[in-house]
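Visitor: Kindly generate the corresponding structure for this input.
(one chain, ligands or ions: 1)
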Amino acid sequence: MKKWEANIRKVTPYVPGEQPKRADVIKLNTNENPYPPSPKVAEALRQISAEPMRKYPDPEARQLVEAIAREEGVRQEQIFVGVGSDDVLAMIFLTFFNSEKPILFPDITYSFYDVWADMLRIPYEQQPLNDAFEIESRDYDKENGGVIFPNPNAPTGALLGLSAIEDILAHNQDVIVVVDEAYIDFGGTTCTGLLDSYENLIVVKTFSKSRSMAGMRIGYAIAGEELIRYLNDVKYSFNSYTMNQAAILLGTAAAEDRAYFEETRQKIIATREQAKKELKRLGFSFADSQANFLFVTHERVPAEELFTVLKEQGIYVRYFKKPRIDNYLRITIGTDEEMGQLYAFLRDYLKKR
Ligand code: PMP
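Guide: Next up, the predicted model:
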C-alpha cells in the first residue's frame with residue numbers, strides 16, 4: 001500500500017439508474033417525465049447564441065431565481081438554485097448537518113442521502129418505515145443533528161400529510177428539517193406554507209420531474225432568507241458559477257409556463273391512477289403512490305425475474321437489491337402508450353408463468 005492511500009477520501013458512490021444506449025427502449029427506470037419540456041423552452045433554445053458563452057454566467061442566476069420566486073410566491077432571497085436538486089441537497093448536507101448527533105432519515109428512501117452522509121462523515125440513523133412503507137412521524141421525536149425525508153417518499157411513492165410534517169417540525173425546532181419535494185407536483189400538497197411558521201424548514205424541489213428537464217440539471221431550495229444566505233456562502237466557497245447560461249434561460253422559460261406544467265402533470269396523474277388499476281388486476285400490490293412512479297411487488301413472481309425479462313423486452317424499470325425492498329420494482333409512469341405495452345407484456349408473461 002502506498003503511504004498516500006491513507007489520505008484518500010474513499011467513498012462508495014451513488015449509482016444512478018441506467019441510461020441505455022439504445023434509443024428504442026421504453027424507459028421507466030429513472031422517474032423522468034415522458035413528455036418533452038414546455039414548447040416555450042424549445043422557443044427559448046432557438047434564441048440562444050454562442051457569442052455570450054465567452055463570458056461567465058450570472059453567478060446569482062437572477063433571472064431564474066426571479067422566475068422561481070414568482071412561481072412559488074416567495075421573495076427572491078428565499079430561493080437557492082443548483083445543478084439539479086442533487087447539487088442543492090449536497091450543499092444542504094454540507095452547510096447544515098455539522099452536528100456530532102446523527103441526522104435522521106427513513107431506512108427506505110432516496111439512496112443518495114446515506115452516500116452524502118458517508119462522504120461528509122455525518123453520523124446518521126435510519127428510521128424504519130412501517131409495514132405499509134409509511135414514515136411514522138413519532139420516530140423523528142428524538143435527539144438528532146437534523147432531519148431529511150422526501151415527500152412523497154422515494155422509491156415508495158407514499159405521501160406524508162401536512163399535519164404529520166408539522167408534527168415532525170414541531171418536535172425538531174432546534175435542527176434543520178429538509179423536505180425533499182422532488183415528486184410533490186404529482187399529487188401532494190407542498191409544505192412551503194409552513195415556511196412562515198418554521199424558520200428551520202428547507203423545502204427542495206426540482207425541474208427534473210414535473211418540468212421535464214432532467215437533462216438541464218436545475219433544482220432549488222426554498223427557505224427563510226437567513227438559511228439561504230448560509231447556503232450561498234458555502235456555494236460561493238465551492239463554485240460561483242453552478243448554473244450555466246443555457247440552464248438559466250431555459251429554466252426561466254419552463255418556470256413561466258404554468259399552463260403546460262399543469263397539463264402534463266395532470267396527464268401523468270391520470271396515467272398513474274389507471275396504472276394502479278391495471279397492475280392490481282395483474283396481481284401486483286403497492287403503496288398508494290402520489291409520485292410519478294409505483295413501487296410494486298407481485299403475488300407470485302419475484303421482482304428480480306420480472307426486472308430481467310422486462311429488460312430483455314426493452315422495457316427498463318428499476319430494481320434495488322437491498323434489504324426489505326428486494327422483491328419490489330419501481331416503475332416510472334410513462335405515456336399511456338408506453339404503459340399499454342408494459343401491461344400487454346406482463347399480461348402475456350404472467351399467464352404463461
Ligand atoms: N430527490 C429525490 C427523492 C429523487 O428521487 C431525485 C432523483 N434522483 C432527486 C432528489 C434528484 O433529482 P435531480 O438532481 O434531478 O433534481
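Visitor: element containing the residue nearest to residue 198 when sequence neighbours are not counted?
Guide: Nearest-residue entry for residue 198: residue 169, 4.7 Å, with adjacent residues in sequence omitted and distances by CB to CB, 6 or more residues apart in numbering. (Glycine included, C-beta is placed from N, CA and C.) Secondary structure assignment for residue 169, by DSSP states H and E: helix 162-170.
Visitor: show me what contacts the residue in the stretch 1-150 of the chain positioned nearest to the ligand?
Guide: Nearest residue of the stretch 1-150 of the chain to the ligand (CB to the nearest ligand atom) works out as residue 84 at 2.8 Å. By CB atoms under 8 Å, 6 or more residues apart in numbering, the residues touching residue 84 are 206, 208, 214, 217, 218, 219.
Visitor: of all the residues in the protein, which ones are close to the ligand?
Guide: Taking CB under 6 Å from any ligand atom as the measure of proximity, the chain contacts the ligand at 84, 85, 86, 110, 150, 154, 180, 182, 206, 208, 214, 219.
Visitor: okay if I get these as JSON lines plus pLDDT?
Guide: Output for those, formatted as JSON lines (pLDDT from 0 to 100):
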{"residue": "84", "pLDDT": "98"}
{"residue": "85", "pLDDT": "98"}
{"residue": "86", "pLDDT": "98"}
{"residue": "110", "pLDDT": "97"}
{"residue": "150", "pLDDT": "98"}
{"residue": "154", "pLDDT": "97"}
{"residue": "180", "pLDDT": "99"}
{"residue": "182", "pLDDT": "98"}
{"residue": "206", "pLDDT": "98"}
{"residue": "208", "pLDDT": "98"}
{"residue": "214", "pLDDT": "98"}
{"residue": "219", "pLDDT": "98"}
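Visitor: Secondary structure for these - can I get that in JSON lines?
Guide: What follows is the residues of the chain next to the ligand, written out as JSON lines (DSSP: H, G, I helix; E, B strand; the rest coil):
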{"residue": "84", "secondary structure": "helix"}
{"residue": "85", "secondary structure": "helix"}
{"residue": "86", "secondary structure": "helix"}
{"residue": "110", "secondary structure": "coil"}
{"residue": "150", "secondary structure": "strand"}
{"residue": "154", "secondary structure": "coil"}
{"residue": "180", "secondary structure": "strand"}
{"residue": "182", "secondary structure": "coil"}
{"residue": "206", "secondary structure": "strand"}
{"residue": "208", "secondary structure": "coil"}
{"residue": "214", "secondary structure": "helix"}
{"residue": "219", "secondary structure": "strand"}
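Visitor: ok so, going back, now that we have the contacts of residue 84, which one has the most neighbours?
Guide: Within these, residue 218 tops the neighbour count with 30 neighbours, counted by other CB atoms under 10 Å.
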